[in-house]
Structures are given as C-alpha cells and as structure tokens.
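Participant: fold the following for me, if possible:
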Amino acid sequence: MPAEEPGVANVCGRAAEHMSKARIALDGESFDMGRALEHLDDAISCLQGLSRRAKAPSATDGNTVVAFQPAKERRSA
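Facilitator: Coordinates of the predicted model:
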C-alpha cells in the first residue's frame, strides 16, 4: 500500500515554515544568505510537489465510471 500524501494544508504549512526560516536567516546579525536560499528552495519544492499532484490524472487505469440515476417511470395518458 503506498504511503498517503500529506494534505494541502500540511504542504502549505511546511512551505510557510521554510519561508519564515528564510526570512529569519536574513534578519539582523545572523545574516546567512546560503541558509536562506536553502529554505527558499525547500519551500519551492513543497509547492512544486503540490502542483504536480494537482496535474496528475485521477484515474490510474484510464477507465471512467459514470453513475446514472435510475430512469423515471413513465405513464402514458
């Protein structure tokens, strides 16, 4: 059984955490451009994964199942 993918909120939350850490790395005396870029790359990776998932086809076998409502009973006058 494949591992379940994290939800949208979880992925966006991780991307936001990386953005926050990148900002902290650039703030004040602890200016660390390399670390900030690593966090920005990680944030972009999170969002790209989300984008790829949105573009993936939902049916893996190519078959589509369509359910129709039962036909209504018709009576002639």
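Participant: from now on I want contacts and neighbour counts done on CA atoms only, so please keep to that.
Facilitator: Fine.
Participant: against which helices or strands is the lengthiest helix in the chain packed?
Facilitator: Longest helix of the chain, by residue count under DSSP state H: helix 33-55. Packing contacts for helix 33-55, counted by 3 or more CA pairs under 8 Å, 6 or more residues apart in numbering; DSSP states H and E, involve helix 8-25.
Participant: tilt between the helix it packs on and helix 33-55?
Facilitator: Here the directions of helix 8-25 and helix 33-55 differ by 160 degrees (axes from the mean of the first three to the mean of the last three CA atoms, to 10 degrees).
Participant: on that earlier part again, contacting residues around the longest helix of the chain?
Facilitator: With contact meaning CA atoms under 8 Å, 6 or more residues apart in numbering, helix 33-55 is reached by 8, 11-12, 14-19, 21-26.
Participant: separation between A22 and S51?
Facilitator: 22 Å (CA to CA, to the nearest Å).
Participant: tell me which of the two has more neighbours.
Facilitator: Set A22 next to S51 and count neighbours by other CA atoms under 10 Å: A22 wins out with 23 against 11.
Participant: skip the chain neighbours and tell me the closest residue to the more buried one.
Facilitator: Spatial nearest neighbour of A22, excluding adjacent residues (CA to CA, 6 or more residues apart in numbering): A36 at 4.0 Å.
Participant: all set, thanks.
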